[in-house]
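Structure of the sequence below:
(one chain, ligands or ions: 1)
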Amino acid sequence: MIRRWGAITAFTTALLAGACQYVPALPSLPSFAAAPLCAAADLRVDTDFATGGQHRCVVSPEGLVVIQVDHEPTIAEGINPSPWYAFRLNANAPREVTIALDYTDYTHRYVPWVRTDTTEWRQLDASRVTLNERKTRATLRLDLPQGVTWVAGQPLSNANDNVDWTRRALAGSGFSEMEYGKSLEGRSLVGFVGGGGIQAIVVLTRQHPPETSGQEAYRGFIERLVSRSDANAVSFRGRHRTIIAPMPNPDGVDNGHWRLNAGGLDLNRDWGKFTQPETKALSEWIIAQSGGRRVVSMMDFHSTDRTVIYAPPLDAPSPTIAFLPFLESAFKQKLTQPPEWSYAHNVNGGTSKGWALETLKAPGITVELWDQIPAADARKLGAAAADALIDYFAR
Ligand SMILES: [Zn+2]
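Got it, this is the predicted structure:
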């Protein structure tokens, strides 16, 4: 919205600065901040906040609010089906409302979460969600209080949120924060580095904007890594530099994208060509920060329709490949529902995982959390991964 204002202002300025003798008075423009996407007599819908979805909407004569769930512009045809939605309702008085999420050719994936100014995020009861046969349209029934109600595919977590969380989690643990680059739209790319031992580990999450259950596992991982106080943990932290990227795609997150950065590309298919500023800056920063140390593992936390680990094959050329079966058995011992495993490597896949093996000779691990895993369980999985890393590499 702000960018559109900027374009109009620049155009007006160009007109005024030009050779025209007569400049017609332009009609005054509405304030975008106040303009809803659609409105009924006593209800407004908008997306004018960070993480707000790429929506249009319309209200039927009977009061049905129809919200089109669309994805960001994509260079490659066929965007990954993660139809993100996030919008805000503002009611003049308490009322019921029925909302249809219209996905066109995509299908409903994210269970709706709701919060108000006075209540925390909660999942909308399943009895209040109905799908059409093709699952291309989801109808939600909501009881709105007077004022603001937020509806989204996951509890909202904007681009600042995980950077702020990470800063707080690492406070007092000897980490430094740095801006390792700028996104395509000029947002800061922020990383954290701590320790200076002979080996290194790399941790990242949120390459894909809606994948906040992966972010929960990342948080469990970071908390355990810095808080464990036994001899193994102290030894591990003394021997390893930890390189952390909590928000490698801030444009995609704040623009409410399904999958891509502002350049229309999936960043986790760009590790190799590095056509985008986010991946180029991050890969160069990781190499610089590892400073020639042996990188023992690179963990990249994501979300999908089940909890699954993607790892390179056990005969891959990495000196620390034997960590993988250790991690797999640690998950089996500690988690009531251990993740599935998939061992494979694709040199040309453009994933962080493939790049880690090719460039760092480190087992790159894509840790995928089920979209609907309870936050506490996601954190447990992250903590179990940190424990395994500490116990395996402390010696
Ligand atoms: Zn992902």
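
elements contacting the longest strand seen in the chain?
If you go by DSSP state E, the chain has its longest strand at strand 294-304. Where contact means 3 or more Cβ pairs under 8 Å, 6 or more residues apart in numbering; DSSP states H and E, strand 294-304 is packed against strand 199-205, helix 212-227, helix 352-355, strand 364-370, helix 375-393. (Glycine included, C-beta is placed from N, CA and C.)

State the next helix or strand along the chain beyond that strand.
Next helix or strand after strand 294-304 toward the C-terminus (DSSP states H and E): strand 308-311.

Buried ones in stretch 282-289, by neighbour count?
Within stretch 282-289, the residues that count as buried by 16 or more other Cβ atoms under 10 Å are 282-283, 285-286, 289.

Next: stretch 181-197.
Buried-residue list, stretch 181-197, by 16+ other Cβ under 10 Å: 181, 183-184, 187-195.

Likewise for stretch 37-48?
Result for stretch 37-48 [16+ other Cβ under 10 Å]: buried residues 37-38, 40, 43-47.

can I get the buried residues of stretch 181-197 in TSV with distance to L156 and pLDDT?
Compiled in TSV, those are given as follows (distance: Cβ to Cβ, whole Å; pLDDT from 0 to 100):
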residue	distance to L156	pLDDT
G181	25	98
S183	19	98
L184	22	98
R187	17	98
S188	20	98
L189	21	98
V190	19	98
G191	23	98
F192	23	98
V193	28	98
G194	28	96
G195	32	88
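
Out of those, which sit inside helices?
Counting by DSSP state H, no part of the buried residues of stretch 181-197 is found in helices.

tell me the contacts of the nearest residue to L225 once chain neighbours are set aside?
Taking Cβ to Cβ, 6 or more residues apart in numbering, and ignoring the residues beside it in sequence, L225 has A386 as its nearest neighbour in space, at 4.4 Å. Shown in contact with A386 (Cβ atoms under 8 Å, 6 or more residues apart in numbering): 220-222, 224-225, 228.

For this structure, name the helix or strand with the lowest mean pLDDT.
When each helix and strand of the chain is scored by mean pLDDT, DSSP states H and E, helix 2-17 comes last, with a mean of 39.

I would like the residues contacting the following helix or strand past it, please.
Downstream of helix 2-17, the next assigned helix or strand under DSSP H and E is strand 38-40. Strand 38-40 is contacted from outside by 44-45, 56-59, 63, 65, using Cβ under 8 Å, 6+ apart.

Mark which of those are buried, thanks.
Here, 16+ other Cβ under 10 Å leaves 44-45, 57, 59, 65 buried among the contacts of strand 38-40.

can you tell me which of those residues are in helices?
Per DSSP H, the buried ones among the contacts of strand 38-40 never map to helices.

quick check, nearest of those to the ion?
Nearest to the ion among the buried ones among the contacts of strand 38-40: C57, at 27.2 Å, using Cβ to the ion.

Name the nearest residue to that closest one, sequence neighbours excluded.
C38 (4.0 Å).

Beta-bridge partners for the one you found, please?
The partner list for C38 in beta bridges (DSSP bridges) reads V45.

what distance separates stretch 318-332 from the middle of the whole chain?
26 Å (Cα atoms, centre = their mean, to the nearest Å).

what's the average pLDDT for that stretch?
The average pLDDT for stretch 318-332 rounds to 98.

tell me which residues of that stretch are tucked away?
For stretch 318-332, by 16+ other Cβ under 10 Å, it's 318, 320-321, 323-324, 327-328, 330-331.

what about the closest residue to I222 other than its chain neighbours, which SS state?
Nearest residue to I222, sequence neighbours excluded (Cβ to Cβ, 6+ apart): A169, at 5.3 Å. Under the three-state scheme (DSSP: H, G, I helix; E, B strand; the rest coil), A169 adopts helix.
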